[in-house]
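Enquirer: Provided below are the primary sequence and the corresponding predicted coordinates.
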Amino acid sequence: MPEAMFSVRALSCARGDRVLFGGVSFELHAGEALHIRGPNGHGKTTLLRALCGLGRPLRGDIRWRGERVRDLGDEFYAVLAYLGHLNGLRDELTAAENVWTYARIHGGADCDGKTVRAALARVGLAAAAGRPARHMSQGQKRRLALACLLVVDRPLWLLDEPFTALDVASVGALVSLIEEHLHGGGVALIVSHQAFDLPGIRAFDLEHFVRVKR
Amino acid sequence: MPEAMFSVRALSCARGDRVLFGGVSFELHAGEALHIRGPNGHGKTTLLRALCGLGRPLRGDIRWRGERVRDLGDEFYAVLAYLGHLNGLRDELTAAENVWTYARIHGGADCDGKTVRAALARVGLAAAAGRPARHMSQGQKRRLALACLLVVDRPLWLLDEPFTALDVASVGALVSLIEEHLHGGGVALIVSHQAFDLPGIRAFDLEHFVRVKR
Amino acid sequence: MRSSLLGAMRAVFVRELLLFWRRRTEVANVLVFFVIVTTLFPLAVGPERLELAHIAPGVLWVAALLATTLSLTQLFIIDYTEGSLDQLLLSPYPLTALVFAKLAAHWVLTGLPLALLSPLLAVQMALPDKAMPTLVLSLLLGTPVLTLIGAIPAALTLGVRGGGVLVSLLVLPLYTPVLIFGAEAVAAAAGQEFAATAHLSLLAAFLVLALAFAPLACASALRVSLD
Amino acid sequence: MRSSLLGAMRAVFVRELLLFWRRRTEVANVLVFFVIVTTLFPLAVGPERLELAHIAPGVLWVAALLATTLSLTQLFIIDYTEGSLDQLLLSPYPLTALVFAKLAAHWVLTGLPLALLSPLLAVQMALPDKAMPTLVLSLLLGTPVLTLIGAIPAALTLGVRGGGVLVSLLVLPLYTPVLIFGAEAVAAAAGQEFAATAHLSLLAAFLVLALAFAPLACASALRVSLD
Amino acid sequence: MCIGFEGVARLIKFLHKYGAPKRFYATSGRFLPWFAAITVILFVSGLYLGLYWAPPDYQQGDAYRIMFVHVPNAWMSMMAYVALAAFAAAGYIWNIRLADMLAKATAPLGASFTLCALVTGSLWGKPMWGTWWVWDARLTSELVLFFLYVGYMALQASIEDPRRAAHASAIIAIVGVINVPIIHYSVYWWHTLHQPASITLTKQPTIYLTMLIPLIVMSFAFMFFYLTMLLVRVRNEILVREKDAEWVRNLVEKDA
Ligand code: HEM
Ligand SMILES: Nc1ncnc2c1ncn2[C@@H]1O[C@H](COP(=O)(O)OP(=O)(O)OP(=O)(O)O)[C@@H](O)[C@H]1O
Ligand SMILES: Nc1ncnc2c1ncn2[C@@H]1O[C@H](COP(=O)(O)OP(=O)(O)OP(=O)(O)O)[C@@H](O)[C@H]1O
Ligand SMILES: [Mg+2]
Ligand SMILES: [Mg+2]
């Protein structure tokens, strides 16, 4: 069996002075995805932020292709893409500008107008390329944030409630985007309360690892 | 047939200089609910804000028990409760304080500790009454915002994506809260992309009234 | 209905006090800003260059004004971004009354302590003792006017990103009369050129005017901003 | 990798310029705040009470400092509340470099125009003509220091609600040396008490120090704030 | 009382009718050339009278001639603010879109008049008082007026929804117009309460008729200049806001 791309062992996290969960372990091989589930407040967001280095876990071991991510430092950021509860857009910039700056800042040095337009088209915002993000509805903003993931080619996706505010058609479109990502050898962690239909995805119930209730 | 409680006739709304939809008409009798659906950016949020007086419609006629809401003025606010995309909580206040101030400001002069605790219990936050909203997860905040609706007794509910961030159990709980509200003679307008199971609810597809696409 | 209007106003007032209390530093910050500005001045000008006492009334008043302006930029912004302002507008009570309660709380937490603290700084700046009562009184009359007038631009610039600086821009010309009479009152009391009463009664007149009109204008501004 | 680091820095820089350009007024507002503060002073102090020219260097420098402080409170806050700061931290490039690009853009849009505008206000305050070059030069050297140092508290107070005033509180003591030498340089040039060069070279030294350490400190502060 | 209300109602009706952008565009198009012509004639004759016909001042020589620009600008700066507030109030209270546009168009004009008054005053002040600026009551209140204009325009510019921008800036204009007299008198008292001012503008020797005539002509020139520019700006604004309307498209096609 080949080495896992992304592996987590015995991870535990705290918020304030309460330990939320402990002993979280899983492995993801190329093309695999994990659907992280669990009731409100059990620590899914905390887990995701700890995995990408925005939060600090209490203890545990996070590895990318066998190396500790802490040792990898900034290099680890070159393989991951994170979508949080917040969209990370700037209201005053247009859709295209938002995507372009995201690409540049995250190392997509070869990102040009065509790439940006293609990404916007994939999320159904082709017509809105020149519209400032401020003039978009909740769902349109969420889609714009997703378009940012498409312009940087990252093997590891960490998505926190990506389906929020998306209409029915867009949910379907996103699922097939994820599918494509997995087919290309990527891995994905998806936090979502909403059920969705992705063949082969494993469910991961955080509830079983909870130390303190709520 | 008795007079409708809430009726809307030939309503049209604009954002910036684009007309979004026109000719929206419907009637709600006691105990009825409407599920407003439609793709992202077609104006569901705009519609809801116009109905409760936070936005101004281009034209159209909104009536409560036969009277124009513009003539009713502040009295109309005494019959409606609105939950927007935003939760309207203050991070520094505890759950109980958030609910209490909401109640007082909206005319629940007789709201005391017991009423607040009961409302928090209904949304599964009984144990978190003393916790500041800042320390809550997305889903917990959403539930807290819902608890506010329960302490003021309003016949008209306008809910914008109320299921966002709620876990599976909470979605069920909210649906039965709405059901109870309808049984008590209330009416409700619910904007949601997520399907939910409420007997007798009518679907209203905003798409049919759209003037300008997206 | 009347008694519950008072209840709603009290709830707004208490809520603001609670919020301020929870982030205790805020109150202290306005005061500390006041202190620091008054301290920077002598530093920048070089104390040997002039009689500090001569510029003391002006510096104290400008510092009070800037401190108030700075705290005003925060007045509605969090309520706005978190949606609580939407909910305030949907209250069945007159918005003007609720806005008034909010502004009252703001003054109690910024203007009032600032006025009470001012003699301490005045001593530092060698203001004659006989001018102290006038200093405190002028600030007690003047700072509520600053809060009341300043709330209008604060409400108007909601949703206008980077509105903070815009508030200062809109507010400072409106503050001119208050500043002039406030500082003049103190200067007059210090130098006994004139009795300070004339200036103080003008400040009182401004206060009455502001109390009558500002909450209404501010409520209209909020409705416009949320449209 | 190196060239795309520059690309990323350029993207941050361009993004900031674009953002400022979109809400064009913002840039103007810092300037207008600067103008207004310099105007309030003579109003509050009363022009006949002293020789304005004597306090001009101090007033101009304090006004520049307050204008910068005010604009700094907005530096990261929107990026923070909308999650773009999370994304900046997740860039594969060194955060220090990206922060540096952001601060450079901020200075180009506030400190630079402020320095260029200052002679106009100096004329209003009757500063002698011979002091003008020193005034502009001292501001050109001093305002980037203000921006660089001020960014650290701005980063540290993120997530602390109502942090605006807290920034001022933390930042103003740090500004003291810059303020003293800046104002002294101008005063010296105006009065020819001393040559201004000594003061100016100290300012230059501060600038070098700030350039070396501030972006690093600011990047660490951001990591702490988002934890 | 009843008649009063009826009169107001009729006025509003009239305003709504003639204030319809399309109608106003057509009507103003007929007036515009006349206004422009009158402006040019007044300027030419005013400048001629001011620069050649009027004799030099026995004290100031020719330097005083800047008065013919300075004083009309100073007057217009104040008149324009009153006009701005009136337009803004009408737009806000009765929801007349044309009034909103008139207010928006007035602001930069008023600000320019104010700036011109400040600059020409400074230019005049240097030879007269030996300094570009003094903190005199009138100068100070003119400066504050300039800030009011700038604030109004900054607010207007930073809100892009036209209706919201109009309403928000209307509120600030109304608050400002209540404050203008207060500011004016405060500054005046501030300066004169304790001691007579060292320099006053009011103690001019009584003005000669040869100076008064050019001054009056120039004042009317500036007033017509304001009206002309106001029409031009409002017509532009109408075209921009109604760019999707059919009559504008027809107009553009006809021109093209
Ligand atoms: C920056 C400098 C100046 C500013 C801002 C300024 C401002 C004004 C203003 C606002 C007015 C209109 C006053 C009113 O009608 O109530 C005015 C009028 C006038 N100004 Fe100036 N002024 C300046 C400098 C000067 C100078 C240097 C002189 C000549 C010594 C001068 C001579 C006049 C005269 C003769 C009038 C008309 C007198 C009247 O209508 O009462 N101004 N100025
Ligand atoms: N800033 C904070 N300080 C202290 N505790 C916090 C903080 N933020 C969140 N918490 C607590 O940490 C726990 C986990 O929060 P988290 O946001 O990770 O939950 P979640 O599983 O993502 O929930 P949801 O499904 O509602 O998004 C919650 O119980 C919450 O109360
Ligand atoms: N401030 C604004 N200025 C101009 N246009 C806006 C503004 N806000 C939203 N819009 C536009 O108005 C339209 C309707 O927005 P609205 O938020 O009502 O949509 P929605 O149906 O609620 O969408 P979603 O399902 O994504 O929440 C969108 O096309 C959006 O681009
Ligand atoms: Mg979460
Ligand atoms: Mg919506």
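Expert: Noted; the coordinates are in hand. Every value quoted in this text rests on a predicted model; they were computed, and no experiment measured them. Numbers count the residues shown, from 1 in each chain, chains lettered A, B, ... in the order given. Ligands and ions are numbered 1, 2, ... in the order given.
Enquirer: Go ahead and confirm C:Leu222 touches C:Ser91.
Expert: No. Shown here, C:Leu222 and C:Ser91 do not form a contact pair, counting by C-beta atoms under 8 Å, at 11.7 Å. Using the backbone N, CA and C atoms, a C-beta is placed for each residue, glycine as well.
Enquirer: Look at these two and report which has more neighbours.
Expert: Under the criterion of other C-beta atoms under 10 Å in any protein chain shown, the comparison of C:Leu222 against C:Ser91 puts C:Leu222 first, with 26 against 22.
Enquirer: Around chain E, pick out the residues from chain C.
Expert: C:149, C:152-153, C:156-157, C:159-160, C:162-163, C:166, C:169-170, C:172-174, C:176-177, C:180-181, C:184, C:193-194, C:198, C:206, C:213, C:217, C:220-221, C:224-225, C:227 (C-beta under 8 Å from any C-beta of the partner chain).
Enquirer: Filter those residues down to just the buried residues.
Expert: Buried subset of these (neighbour count, 16 or more other C-beta atoms under 10 Å in any protein chain shown): C:149, C:152-153, C:156-157, C:159-160, C:162-163, C:166, C:169-170, C:172-174, C:176-177, C:180-181, C:184, C:206, C:213, C:217, C:220-221, C:224-225.
Enquirer: most centrally placed residue in chain E?
Expert: When C-alpha atoms, centre = their mean is applied to chain E, the residue found nearest the centroid is E:Ala80 (2.7 Å).
Enquirer: low-confidence ranges in chain C?
Expert: Scanning chain C for pLDDT under 70 picks out the ranges C:1-3, C:23-28, C:47-51, C:161-164, C:192-194.
Enquirer: Could you point out the helix or strand that follows the helix ranked longest in chain A?
Expert: Counting by DSSP state H, the longest helix found in chain A is helix A:168-183. The first helix or strand that comes after helix A:168-183 along the chain, using DSSP states H and E, is strand A:187-191.
Enquirer: Is the residue nearest to C:Arg22 when sequence neighbours are not counted part of a helix or strand, or is it coil?
Expert: Nearest non-adjacent residue to C:Arg22, counting by C-beta to C-beta, 6 or more residues apart in numbering or on different chains: B:Glu92, 4.0 Å away. Three-state assignment for B:Glu92 (DSSP: H, G, I helix; E, B strand; the rest coil): coil.
Enquirer: again with the one 10 residues further on
Expert: In three-state terms, and counting by three-state DSSP, B:Tyr102 is helix.
Enquirer: That one - how many residues pack around it?
Expert: Counted with other C-beta under 10 Å, B:Tyr102 comes out at 30.
Enquirer: Please apply the same query to the one 3 residues further on.
Expert: A total of 24 residues lie near B:Ile105 under the criterion other C-beta under 10 Å.
Enquirer: Hmm, it is touching C:Leu98, no?
Expert: Yes. Counting by C-beta under 8 Å, B:Ile105 touches C:Leu98, with 6.9 Å between them.
Enquirer: quick revisit: can you tell if the longest helix of chain A touches ligand 3?
Expert: No. Helix A:168-183 stays clear of ligand 3 (C-beta under 6 Å from any ligand atom), getting no nearer than 9.1 Å.
Enquirer: in that helix, what counts as buried?
Expert: Under 16+ other C-beta under 10 Å, the buried positions of helix A:168-183 are A:170-171, A:173-175, A:177-179, A:181-182.
Enquirer: Return the residues in contact with C:Gly159.
Expert: Residues in contact with C:Gly159, defined by C-beta atoms under 8 Å, 6 or more residues apart in numbering or on different chains, are C:80, C:225-226, E:159.
Enquirer: ok, now with 10 Å
Expert: C:Gly159 makes contact with A:91, A:134, C:77, C:80-81, C:225-227, E:158-159, E:161, E:164, E:168 under the criterion C-beta atoms under 10 Å, 6 or more residues apart in numbering or on different chains.
Enquirer: Need the max-distance pair from those.
Expert: For these, the farthest-apart pair by C-beta to C-beta is C:Ile77 and E:Asp161; their separation is 19.0 Å.
Enquirer: Settle it for me: which of these two has more neighbours?
Expert: The neighbour count for C:Ile77 versus E:Asp161, taken as other C-beta under 10 Å, is higher for C:Ile77 (21 against 16).
Enquirer: how about the more buried one, phi and psi?
Expert: Phi and psi for C:Ile77, reported as degrees, to the nearest 10, are phi -60, psi -40.
Enquirer: Which residue is the nearest non-sequential neighbour of it?
Expert: Among residues not flanking C:Ile77 along the chain, C:Leu158 sits closest, at 6.9 Å (C-beta to C-beta, 6+ apart).
Enquirer: Give me the distance from the helix or strand hosting E:Leu139 to the chain's centre.
Expert: For E:Leu139, the host element (DSSP H and E) is helix E:137-158. Its chain's average C-alpha position is 12 Å from that of helix E:137-158, according to C-alpha atoms, centre = their mean, to the nearest Å.
Enquirer: contacting residues for residue 24?
Expert: You didn't say which chain, so I picked chain A. By C-beta under 10 Å, 6+ apart, the contact list for A:Val24 reads A:8-13, A:36, A:43, A:47, A:50-51, A:57, A:60, A:204, A:206, A:208-209.
Enquirer: The intended chain is chain E.
Expert: Taking C-beta under 10 Å, 6+ apart, we find E:Phe24 in contact with E:18, E:97-98, E:101-102, E:231, E:234-235, E:238.
Enquirer: of those residues, closest to ligand 2?
Expert: Taking C-beta to the nearest ligand atom as the measure, ligand 2 sits nearest to E:Arg97 out of the contacts of E:Phe24, at 45.4 Å.
Enquirer: Give me the neighbour count for the closest one.
Expert: Neighbours of E:Arg97 under the rule other C-beta under 10 Å: 20.
Enquirer: again, but for E:Pro55
Expert: By the criterion of other C-beta under 10 Å, E:Pro55 has 10 neighbours.
Enquirer: Now it: closest residue in space, sequence neighbours ignored.
Expert: If the residues on either side of it in the chain are set aside, E:Pro55 comes closest to E:Thr210, at 6.0 Å by C-beta to C-beta, 6+ apart.
Enquirer: Can you tell me the closest non-neighbouring residue to the residue of the stretch 51-200 of chain E at minimum distance from chain B?
Expert: In the stretch 51-200 of chain E, the residue that lies nearest chain B is E:Asp161 (5.9 Å; C-beta to the nearest C-beta). Nearest residue to E:Asp161, sequence neighbours excluded (C-beta to C-beta, 6+ apart): B:Gly16, at 5.9 Å.
Enquirer: who are the neighbours in contact with A:Leu11?
Expert: Counting by C-beta under 10 Å, 6+ apart, A:Leu11 makes contact with A:21-26, A:47, A:50-51, A:57-62, A:209.
Enquirer: In strands, which of those residues fall?
Expert: Members of the contacts of A:Leu11 lying in strands (criterion: DSSP state E): A:21-26, A:59-62.
Enquirer: If any of those are buried, give me the ChimeraX selection for them.
Expert: To isolate the buried members of the ones in strands among the contacts of A:Leu11 in ChimeraX, using 16+ other C-beta under 10 Å:
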select /A:21,22,24,26,60,62
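Enquirer: how about TSV for the ones in strands among the contacts of A:Leu11, with pLDDT and distance to C:Met125 added?
Expert: Listed next are these as TSV, based on pLDDT from 0 to 100; distance: C-beta to C-beta, whole Å:
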residue	pLDDT	distance to C:Met125
A:Phe21	92	58
A:Gly22	89	59
A:Gly23	91	63
A:Val24	93	61
A:Ser25	94	65
A:Phe26	94	66
A:Arg59	90	56
A:Gly60	92	58
A:Asp61	92	61
A:Ile62	94	58
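Enquirer: and which of the ones in strands among the contacts of A:Leu11 is nearest to C:Val30?
Expert: Lowest distance from C:Val30 to these (C-beta to C-beta) belongs to A:Phe21, with 41.5 Å.
Enquirer: Mind listing the residues bridging to the closest one?
Expert: When assigned by DSSP bridges, A:Phe21 has beta-bridge partners A:Cys13, A:Val210.
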